[in-house]
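Sequence first, predicted model second:
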Amino acid sequence: MPKSRAVSAKGVSEFKLYITKAIPANAVINCADNTGAKTLKLVQVTRFKGRLRRIPAASVGDHVTVVVKKGNPEMRKQIFGAVIVRQKYPIRRASGLRVSFEDNAAVIVTPEGDLKGTDIKGPVAAEAAERWPRIANLAPMII
């Protein structure tokens with residue numbers, strides 16, 4: 001099976017090990033960047049293929065649509081695209097290692113795939129950094 005490494009602002013399209021979709025729609029998650037947003041409500045999972053009456057859910061590295069619940073007055077009630085960088089539910093790696101974080105967090109991105117903020121707070125999962133090179137550049141720590 002040939003591996004394609006088409007790196008673009010939309011994320012790398014490559015085979016990835018299955019990660020349990022642990023963050024459902026309507027979940028309130030932390031914002032891990034310095035855009036002025038504090039908490040985000042996950043509204044929609046981009047490119048989600050589901051089943052009838054199944055609530056869309058996201059995992060690390062997924063692009064989602066969010067609404068800012070807490071933060072700057074000019075940011076609040078605004079709709080943005082975001083990428084999930086941490087999840088509480090354990091992520092199983094190919095080596096058999098399981099990695100879990102203490103919170104669910106995302107960073108806000110522009111429609112082109114660039115980060116809206118200038119830095120990221122806290123660690124970033126390797127799965128998200130691998131898929132989004134621009135997030136990997138700003139990440140202080142990749143786990």
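Yep, it's here. Numbers count the residues shown, from 1 in each chain.

Distance-wise, check the residue nearest the centre of the chain relative to Ala125.
In the chain, the residue lying closest to the centroid (Cα atoms, centre = their mean) is Ile84, at 1.3 Å. As for Ile84, its distance to Ala125 is 8 Å (criterion: Cβ to Cβ, to the nearest Å). C-betas here are computed from N, CA, C, even on glycine.

what touches both of those two?
60-61 (Cβ atoms under 8 Å, 6 or more residues apart in numbering).

So Ala94, which state does it fall into?
Three-state assignment for Ala94 (DSSP: H, G, I helix; E, B strand; the rest coil): coil.

ok, now which ones touch the closest residue to Asn72 other than its chain neighbours?
Spatial nearest neighbour of Asn72, excluding adjacent residues (Cβ to Cβ, 6 or more residues apart in numbering): Gly36 at 3.6 Å. Counting by Cβ under 8 Å, 6+ apart, Gly36 makes contact with 71-72, 74-75.

quick one on the thing from earlier: now that we're looking at the residue nearest to the centre of the chain, what pLDDT does it have?
At Ile84, the model reports a pLDDT of 98.

again with Glu14
Glu14 is given a pLDDT of 63.

before we move on, back to that, out of the contacts of Gly36, which sit inside helices?
For these, not one is inside helices, with DSSP state H as the criterion.

got a winner among those residues for most neighbours?
Met75 (19 neighbours; other Cβ atoms under 10 Å).

mind listing what that residue touches?
The contact partners of Met75, by Cβ under 8 Å, 6+ apart, come to 35-37, 68.

Apart from its neighbours in sequence, what residue is nearest Lys121?
In space, and not counting its chain neighbours, Lys121 is closest to Ala32: 5.1 Å by Cβ to Cβ, 6+ apart.

my guess is the one you found meets Ala105, correct?
Yes. Counting by Cβ atoms under 8 Å, Ala105 is a contact partner of Ala32 at 4.1 Å.

Identify the contacts common to the two.
Common contact partners of Ala32 and Ala105 (Cβ under 8 Å, 6+ apart): 85-86, 122.

Output those in CSV; the columns should cover distance to Lys41, neighbour count and secondary structure.
CSV is the format used below for the shared contacts of Ala32 and Ala105 (distance: Cβ to Cβ, whole Å; neighbours: other Cβ atoms under 10 Å; DSSP: H, G, I helix; E, B strand; the rest coil):
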residue, distance to Lys41, neighbour count, secondary structure
Val85, 17, 29, strand
Arg86, 17, 25, strand
Gly122, 19, 17, coil
